[in-house]
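K.L.:
Below are the sequence and a predicted model for it; my questions follow.
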Amino acid sequence: MTGRGTLLLAGLLAATAALPFGARALRGPPSPRCAVDGVPLAGAPVVRVEEGGVERSFCCVGCAERWLATTGAGPVRVVVTDSSTGAAVDAGCAWFVRSTVLAQPATGDRVHAFARKEDALRHAEAYRGSLLSGKESPFGGKVVRQEGDQSRR
Ligand SMILES: [Zn+2]
């Protein structure tokens with residue numbers, strides 16, 4: 001390759017590498033996205049996992065579980081979004097239902113979290129779902145409850 005060709009290639013590579021940053025600058029500050037697959041968190045049933053003082057957000061229960069399984073992290077603090085109210089709920093106190101309704105269309109996740117058992121059962125009945133318990137329950141055994149948990153009223 002000639003010197004000119006190498007220079008051109010180097011310039012092209014530099015431009016390609018800078019592309020995402022340029023695009024990001026045009027779009028303004030990046031919106032929060034899932035730590036596993038980059039799905040935007042706006043409107044998603046966000047799951048927050050705190051591990052070793054670092055908090056990560058995920059677009060669905062499935063992504064958070066996938067991340068935990070890959071990293072082998074634990075014990076962790078997990079906060080899920082109540083499907084009924086949108087409020088943050090400690091996963092250790094939440095009820096989970098897998099139903100025919102997509103919780104996160106981007107990933108196909110069908111696990112819904114609820115703060116109240118009545119809401120979970122109502123959803124399960126309405127959408128042919130089942131309450132997840134024991135080994136089926138997401139984050140089973142990995143979750144530690146928040147100190148001074150504020151999700152309980
Ligand atoms: Zn995700």
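P.N.:
Nice, thanks for sending it over. Numbers count the residues shown, from 1 in each chain.
K.L.:
got the buried residues for stretch 106-116?
P.N.:
In terms of neighbour count (16 or more other Cβ atoms under 10 Å), stretch 106-116 has its buried residues at 107, 109-116. All C-beta spots, glycine's among them, are computed from the backbone N, C-alpha and C.
K.L.:
Next, count neighbours for the residue lying closest to Glu55 once chain neighbours are set aside.
P.N.:
Among residues not flanking Glu55 along the chain, Arg48 sits closest, at 5.8 Å (Cβ to Cβ, 6 or more residues apart in numbering). Counted with other Cβ atoms under 10 Å, the neighbours of Arg48 add up to 18.
K.L.:
what helix or strand is Arg48 on?
P.N.:
strand 47-51 (DSSP states H and E).
K.L.:
which helices and strands sit right next to that strand?
P.N.:
Here strand 47-51 touches strand 54-58, helix 61-71, strand 77-81, going by 3 or more Cβ pairs under 8 Å, 6 or more residues apart in numbering; DSSP states H and E.
K.L.:
so which of these gets nearest the ion?
P.N.:
helix 61-71 (3.2 Å; Cβ to the ion).
K.L.:
Turn the buried residues of stretch 106-116 into a markdown table, including secondary structure, distance to the ion and pLDDT.
P.N.:
Below are those laid out as a markdown table (DSSP: H, G, I helix; E, B strand; the rest coil; distance: Cβ to the ion, whole Å; pLDDT from 0 to 100):
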| residue | secondary structure | distance to the ion | pLDDT |
| --- | --- | --- | --- |
| Thr107 | coil | 5 | 98 |
| Asp109 | strand | 8 | 98 |
| Arg110 | coil | 14 | 98 |
| Val111 | strand | 12 | 98 |
| His112 | strand | 15 | 98 |
| Ala113 | strand | 15 | 98 |
| Phe114 | strand | 20 | 97 |
| Ala115 | coil | 22 | 97 |
| Arg116 | coil | 25 | 97 |
